[in-house]
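Visitor: return atomic coordinates for the entry below.
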Amino acid sequence: MEIHYCWRCDAELPFLDETEYSIIKPLLGIPVLIDRDSEEWRLLNQIPLDIFESITSHRLSERSDIHHHRLSLMGPECPDCGHLLRSPKAAFCANCWSDVKPKSSESPKEHAQEKRA
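Guide: Numbering: from 1, shown residues only. You can find the predicted model right below:
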């Protein structure tokens with residue numbers, strides 16, 4: 001788990017690594033044949049949120065938020081401002097608008113190191 005700025009939530013929040021996400025993932029898509037207004041549905045809906053909170057010590061209000069607090073969906077940190085890029089394929093940082101797309105002859109790591117220097 002790492003703390004990063006979430007542009008969707010407009011706050012610094014914990015992001016799950018793949019090992020942590022794999023604990024919750026099986027519970028996010030369980031097809032349940034019960035009434036969505038029932039107490040059983042409410043309890044089943046809370047389980048992924050409870051697990052997220054036990055891992056991160058942060059309570060989310062919607063289980064759909066768990067999906068976008070996953071590090072693998074984000075890009076690397078911007079070399080200029082340090083915010084995570086919004087996707088692994090991002091060509092610019094949506095926070096500071098820096099160009100982060102590497103030149104075709106260099107790897108993304110080399111590009112990030114060059115920008116920091």
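Visitor: touching, residue 72 and residue 18? I think so.
Guide: Yes - between residue 72 and residue 18 there is a contact at 5.6 Å, judged by CB atoms under 8 Å. From N, CA and C alone the C-beta is placed, and that goes for glycine too.
Visitor: is residue 75 in a helix, a strand, or coil?
Guide: Following DSSP: H, G, I helix; E, B strand; the rest coil, the label given to residue 75 is coil.
Visitor: give me the phi and psi angles of it.
Guide: Dihedral angles of residue 75 (phi, psi; degrees, to the nearest 10) stand at phi -90, psi -170.
Visitor: neighbours of it, how many?
Guide: Number of residues near residue 75 (other CB atoms under 10 Å) recorded here: 19.
Visitor: kindly report the same for the one 3 residues further on.
Guide: Counted with other CB under 10 Å, the neighbours of residue 78 add up to 21.
Visitor: repeat that for residue 54.
Guide: Residue 54 is flanked by 10 other residues according to other CB under 10 Å.
Visitor: so which bits of the lengthiest helix in the chain are buried?
Guide: Looking across the chain with DSSP state H, the single longest helix is helix 39-56. Judged by neighbour count using 16 or more other CB atoms under 10 Å, the buried positions of helix 39-56 are 44, 48, 49, 52, 55, 56.
Visitor: now do it: which elements does it pack against?
Guide: Using 3 or more CB pairs under 8 Å, 6 or more residues apart in numbering; DSSP states H and E, the elements in contact with helix 39-56 are helix 18-28, helix 64-68.
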